[in-house]
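>>> Please find the sequence and the predicted model below.
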Amino acid sequence: MDYLIEYLTKKDQTREEILKLAREIVRDCAMLIRRIHKSKEDVFKEDFKSIREKIIKLKELTQYPEFIHYLSTPEQEFVEAYTLYSIKFYNTVPKFEDFEIIKEENYILGIADTIGELRREFLEAIKEDDKEEAERYYKFMEELYDFIMSFDHYYVVDNLRRKQDIARGILERSYGDLVYFIENLKLRKALNKE
């Protein structure tokens, strides 16, 4: 009986540690995404290194199979932050192999979430009248959307269909915004020539 009490006490303590660390990673990623949106230059390598180390520690803590699902949200948030960062500063989408520590499903779902973050950059480019940047972000949104739509494994990837539907809505709205913006830009240029 003493063994069972000790076992369950240790398991409960591990769960609490996992929950605390998972919340910390999600918060760190959210703050990092906000900073990436506001920044004009890459100053984030140390932030990603720190979060990556926390994810490795979280993976080590999930020694009980029933705790594996606690990795999902932190890993997806990390993929989302890193993909936004790679596109904004390096004009490239990181591949699954670039992450090493991330589960396959969480890579796909993190990529899906990045489409919403790219829309923010896209809208910022429109606000600044930067047609090239707006088109660049829209093309990346399309690329990520095409990627996530190549998967129809809804029974093995939780939330995949919902995230695909959300991405589709974001892309459709963004296309309308882009067409309107380009037409408006042409009109303003024509009026300025008169």
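Yes, it's here.

>>> most centrally placed residue in this structure?
E80 (1.5 Å; C-alpha atoms, centre = their mean).

>>> what does the model give it for pLDDT?
Per-residue confidence (pLDDT) for E80: 98.

>>> mind listing what it touches?
Going by C-beta atoms under 8 Å, 6 or more residues apart in numbering, E80 touches C29, I33, G110, I111, D113, T114, E117. Just so you know, the C-beta spots here come from the backbone N, C-alpha and C atoms, and that holds for glycine as well.

>>> And those residues, which is closest to I68?
Among the contacts of E80, G110 lies closest to I68 (C-beta to C-beta), at 16.6 Å.

>>> Quickly note the distance from the closest one to F48.
13 Å (C-beta to C-beta, to the nearest Å).

>>> how about the helices of the chain, start to end?
Along the chain, counting by DSSP state H, helices occupy 2-38, 45-61, 72-90, 104-127, 131-149, 160-193.

>>> most tightly surrounded among the ones you listed?
Between those, helix 72-90 has the highest mean count of neighbours, a mean of 22, where neighbours are mean count of other C-beta atoms under 10 Å.

>>> Spell out which residues make up each domain of this protein.
Structural domains annotated on the chain: 1-95, 103-194, as defined by automatic domain parsing.

>>> Helix 131-149 and the helix or strand of the chain with the lowest mean pLDDT, what's the angle between them?
Scoring the helices and strands of the chain by mean pLDDT, DSSP states H and E places helix 160-193 at the bottom, with a mean of 93. Here helix 160-193 points in a direction 160 degrees away from that of helix 131-149 (axes from the mean of the first three to the mean of the last three C-alpha atoms, to 10 degrees).

>>> Give me the helices and strands touching helix 160-193, please.
If contacts are counted by 3 or more C-beta pairs under 8 Å, 6 or more residues apart in numbering; DSSP states H and E, helix 160-193 sits against helix 104-127, helix 131-149.

>>> which stretch among those helices comes nearest N184?
Closest among those, using C-beta to C-beta: helix 104-127, at 9.4 Å.

>>> need the contacts of E80 in JSON lines with distance to F181 and pLDDT, can you?
Below are the contacts of E80 laid out as JSON lines (distance: C-beta to C-beta, whole Å; pLDDT from 0 to 100):
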{"residue": "C29", "distance to F181": "30", "pLDDT": "98"}
{"residue": "I33", "distance to F181": "24", "pLDDT": "98"}
{"residue": "G110", "distance to F181": "28", "pLDDT": "98"}
{"residue": "I111", "distance to F181": "25", "pLDDT": "98"}
{"residue": "D113", "distance to F181": "24", "pLDDT": "98"}
{"residue": "T114", "distance to F181": "21", "pLDDT": "98"}
{"residue": "E117", "distance to F181": "19", "pLDDT": "98"}
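
>>> Understood, closing this out.
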